[in-house]
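S.K.: Dropping a prediction and its sequence here:
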Amino acid sequence: AIGDTLIISDALVTTTVFLIQEEGSCTSEALSVTLLVQPSGADLAIEGPHHLCVGDALILELTGADQASVQWSTPSGTADTNPFTIPEVVLGDAGVYSATVIVEPCPSYTYVHALEISVPAWFDFADTAVCVGVVVPLTLPSGLTAVQWSNGLTTNSVELTAPGLFTVSALDTAGCTVRD
């Protein structure tokens with residue numbers, strides 16, 4: 001009957017339905033109606049990290065917004081790309097990122113994502129010239145993990161007895177890589 005509601009569950013992004021009206025012994029011709037299904041708020045989510053180190057790449061994506069326009073609001077301005085990316089983050093990129101989904105004529109939805117950015121811990125061993133046979137002890141600051149020296153050692157302290165160029169990398173308490 002005219003004015004009845006048609007409920008379609010599990011519709012795809014684009015769904016075509018055929019409507020036929022029957023009244024008494026009369027049947028209308030099939031009418032093809034294409035529906036563009038917009039995402040609901042429950043179908044959307046921001047995917048991406050909540051913590052990065054200075055220099056890391058940021059990729060935030062609003063998932064489930066395939067047919068919708070997305071407007072990002074970031075600490076450094078706005079963008080209308082999805083996913084939103086920053087090749088190398090700096091401290092000023094920390095803060096709140098929000099994505100507003102525009103699905104005309106449906107209501108807009110806004111999602112919020114917080115991002116913390118850490119500066120890697122810093123340490124510096126001065127270049128040292130020593131005489132043959134002298135032992136040079138080097139000790140990393142406490143709290144570093146995943147230590148890897150260029151000579152293969154994985155301890156926080158080393159005693160160098162041979163000449164050469166030695167490097168070290170480790171993870172600080174924020175999970176950032178530090179090198180010297």
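M.R.: Arrived safely, thanks for sending.

S.K.: Going by C-alpha atoms from here, please, whenever you check contacts or count neighbours.
M.R.: OK.

S.K.: Now do the contacts for the closest residue to Val135 other than its chain neighbours.
M.R.: Excluding its sequence neighbours, the residue lying closest to Val135 (C-alpha to C-alpha, 6 or more residues apart in numbering) is Thr161, at 4.9 Å. Counting by C-alpha atoms under 8 Å, 6 or more residues apart in numbering, Thr161 touches 133-136.

S.K.: go with 10 Å
M.R.: Thr161 makes contacts with 130-137, as judged by C-alpha atoms under 10 Å, 6 or more residues apart in numbering.

S.K.: In those residues, which has the lowest confidence score?
M.R.: Of all those, Val130 carries the smallest pLDDT score, 69.

S.K.: Are there helices or strands packed against the lengthiest strand in the chain, and which ones?
M.R.: When the chain is scanned for its longest strand (criterion: DSSP state E), the result is strand 109-118. Counting contacts by 3 or more C-alpha pairs under 10 Å, 6 or more residues apart in numbering; DSSP states H and E, strand 109-118 packs against strand 45-47, strand 51-53, strand 58-63, strand 69-74, strand 95-102.

S.K.: For Pro87, find the nearest of these.
M.R.: strand 58-63 (6.4 Å; C-alpha to C-alpha).

S.K.: Next, name the residue at the spatial heart of this protein.
M.R.: Geometric centre of the chain, nearest residue: Gly48, 2.3 Å, by C-alpha atoms, centre = their mean.

S.K.: From Ile59, how far out is that residue?
M.R.: To Ile59, Gly48 is 6 Å away according to C-alpha to C-alpha, to the nearest Å.

S.K.: ok, back up a step: who are the neighbours in contact with the residue nearest to the residue nearest to the centre of the chain when sequence neighbours are not counted?
M.R.: Leaving aside its chain neighbours, Gly48 sits nearest to Leu60 (4.7 Å; criterion: C-alpha to C-alpha, 6+ apart). Residues in contact with Leu60 (C-alpha under 10 Å, 6+ apart) are 46-50, 72, 82-86, 97, 99, 113.

S.K.: ok, so of these, who is nearest Leu153?
M.R.: Pro49 (31.3 Å).

S.K.: The closest one contacts Thr85, correct?
M.R.: No - counting by C-alpha atoms under 10 Å, Pro49 does not reach Thr85; the two are 11.7 Å apart.
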